[in-house]
Every structure is written in structure tokens, then in C-alpha cells.
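K.L.:
Test case, fold it:
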Amino acid sequence: MTRRWAGLRWLTLRPILNDMMRFSSLPAVLCAVLLMCMPARAEERVLVFAAASLQGALQEVIAGYPGHAVASYGGSGAMARQVALGAPADVVLLANSAWMDWLQENGNLRSETRRDLLGNTLVLVGPVNSAPLPVIDAQTLIARLAGQRLALGQTEAVPAGIYARAWMERAGLWEALRPHLAETENVRAALALVALGEAPLGAVYATDAAAEPRVKILYSVPQEAHPPIVYPVAAVTARGDAFAAYLHSPEAQRIFRAHGFTLPGAGE
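P.N.:
Okay, the predicted model is just below:
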């Protein structure tokens, strides 16, 4: 009976996994596969689908949670698509309200549990030995790139990339910089390119820069230069209600603030 159930579950999940492979990174997909294949006794475990920029902080929060929770990380667009396709998430925590709106409109969330959880700041980073940028204009940035590329999340799907494009458009930089961009599947991938010296500049969150000693902040983008950076959270199943509520607890908020996240609208 156990083998038969496993086979039936694989036949049901394979179309979902095929689509997940199109929209997410291999580690996130492998994590989801392993969680899907766990025996029934592990099904009380809460599975959180979260934006890649939350990884360090959220792991600390999970460690302090009195229940049993695990997380799968990736770009917010990829996480949202996976939830919409039926991936077994109990909680979803994204870095962009538009993707959460899409899930809510499609009936994928327990709407009464949705709340804005965190805020962040967009920054321009370079390798830790980078010289300061004398001015932020297209000519200076292209000169600093010296034939290489500026790393950032995909500008049509990854929230950090969407925010970065909005800033560049408002600052009159987009058309000049567009041919010099390296778009990645999530913000942590963009951060890695800079940390490894493969990109002279990257547009990431301030919390990402704080977590990576091999980069330094060269410019903090004014918050009014792009839509507000908001991390909404919602439960997808009733099993996720308690964990979604725990994220607002003083204990969890203390951890998030220690990692550099702000409260939405706090202007910190």
C-alpha cells in the first residue's frame, strides 16, 4: 500500500514539479521534492515558501519557533507560481505585494491571515575593496563596470530587480544601463556575483549587503525613488496559521530587526 501511495503521489506531483523546474532554482525544487516525499507522520511540519532575501533571518526565526517548520527559498515570482500550481506550501512570505495580490486574487491564500510583515532598503554594492562612487550617473556607473555587468534580479519577475528598474527609470539611468545588466533568478544570486568578483556592481537589499562581508554599500537608493519595499505574509493552509502569526511576535520581530529589516511604513 505504501509503494502504491508513493507512486500515485508522484504521478500527481510530476506536472507541478516540471513547472517548478521552469521557474525556480534547483535547490528550491529539490527541497520541495524531499518535503513532498516525506512520510505521513511528517505532514504536521509547516512548510514556508519565502523570498531568497529572508534566508538568514528566517532560519533564526524558525529555530526559535515552538512548532516544527522548514522553509524553501527562491525568487518571489517563482515562489508565487509554485504556490499557484499547487506546491504544498503552508505559509508564503514574499518580497513584493504584487505577487501576493496575484495569489490572493487566484484564491490561493487564507486572506484573513495576510499582513505586511517587513520593509527593506535598496542599495548599490561593489566588492569590499571598491573605491567610492563620486557621483551616481550613467557615465560613472558604466565606467565602473569597465565592460562587465551590473548584477540584479530579473527586472520583470524578481522584486529586487523590479525595484531597481523603477529607480533607474526614475533617475534617468535605465536606457543607458539596460545593455549592461546581468539579470539573475533571485537577489541572492546577484549578491553572489558581486561577492565573487564576477560583477563590479550589484543592486540588492541592504539586508543582503549586511549578510555578505565580501561586498560593501556604495549607494543607498532613496526610498521615494521606487515603490515601497514590503514583505507580505499569509497562510496558505490552516496548518500555517500559527506560524504566520508567530512571525509578528516580539521574538521574531527582534530577529528580523537585528538583520536590518524594518517595519513597513516605519521609515527606518
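K.L.:
can you pull the buried residues of stretch 242-255?
P.N.:
Judged by neighbour count using 16 or more other C-beta atoms under 10 Å, the buried positions of stretch 242-255 are 242-244, 246-247, 252-253, 255. (C-beta placed from N, C-alpha, C; glycine too.)
K.L.:
Among the residues you listed, which one sits closest to residue 144?
P.N.:
Set against residue 144, the nearest of those by C-beta to C-beta is residue 255 (34.6 Å).
K.L.:
For burial, what's the neighbour tally of the closest residue to that closest one other than its chain neighbours?
P.N.:
Of all residues not flanking residue 255 in the chain, residue 60 sits nearest, at 4.8 Å (C-beta to C-beta, 6 or more residues apart in numbering). Using other C-beta atoms under 10 Å, residue 60 has 16 other residues around it.
K.L.:
next one: residue 226
P.N.:
Residues lying near residue 226 (other C-beta under 10 Å) number 19.
K.L.:
wait, what's in contact with it?
P.N.:
By C-beta atoms under 8 Å, 6 or more residues apart in numbering, the contact list for residue 226 reads 122, 163-164, 166-167, 170.
K.L.:
rerun at 7 Å
P.N.:
Taking C-beta atoms under 7 Å, 6 or more residues apart in numbering, we find residue 226 in contact with 122, 163, 166-167.
K.L.:
Taking those, tell me the two that lie furthest apart.
P.N.:
The span of the contacts of residue 226, defined through C-beta to C-beta, is set by 122 and 166 at 9.2 Å.
K.L.:
Comparing those two, which shows the higher neighbour count?
P.N.:
Regarding residue 122 and residue 166, a neighbour count based on other C-beta under 10 Å identifies residue 122 as having more, with 24 against 17.
K.L.:
and the residue lying closest to the more buried one once chain neighbours are set aside, what does it touch?
P.N.:
Leaving aside its sequence neighbours, residue 122 sits nearest to residue 221 (C-beta to C-beta, 6+ apart; 4.3 Å). Going by C-beta under 7 Å, 6+ apart, residue 221 touches 122-124, 167.
K.L.:
CSV for the contacts of residue 226, including distance to residue 207 and pLDDT?
P.N.:
As requested, these are exported to CSV (distance: C-beta to C-beta, whole Å; pLDDT from 0 to 100):
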residue, distance to residue 207, pLDDT
122, 11, 97
163, 13, 96
166, 19, 97
167, 17, 98
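K.L.:
Sort out for me which of these are in helices.
P.N.:
Residues of these located in helices (DSSP state H): 163, 166-167.
K.L.:
residues in contact with the host helix or strand of residue 241?
P.N.:
Here residue 241, judged by DSSP states H and E, is contained in helix 241-246. Residues from elsewhere that reach helix 241-246, judged by C-beta under 7 Å, 6+ apart: 46, 48, 65, 67, 69, 91, 110, 113, 233-235, 252.
K.L.:
Can you give me the distance of the residue nearest in space to the middle of the chain to residue 215?
P.N.:
The centre of the chain sits closest to residue 51, judged by C-alpha atoms, centre = their mean, with a distance of 2.4 Å. Per C-beta to C-beta, to the nearest Å, residue 51 is found 19 Å from residue 215.
K.L.:
now the contacts of residue 221 as CSV including distance to residue 202?
P.N.:
CSV is the format used below for the contacts of residue 221 (distance: C-beta to C-beta, whole Å):
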residue, distance to residue 202
122, 11
123, 9
124, 7
167, 13
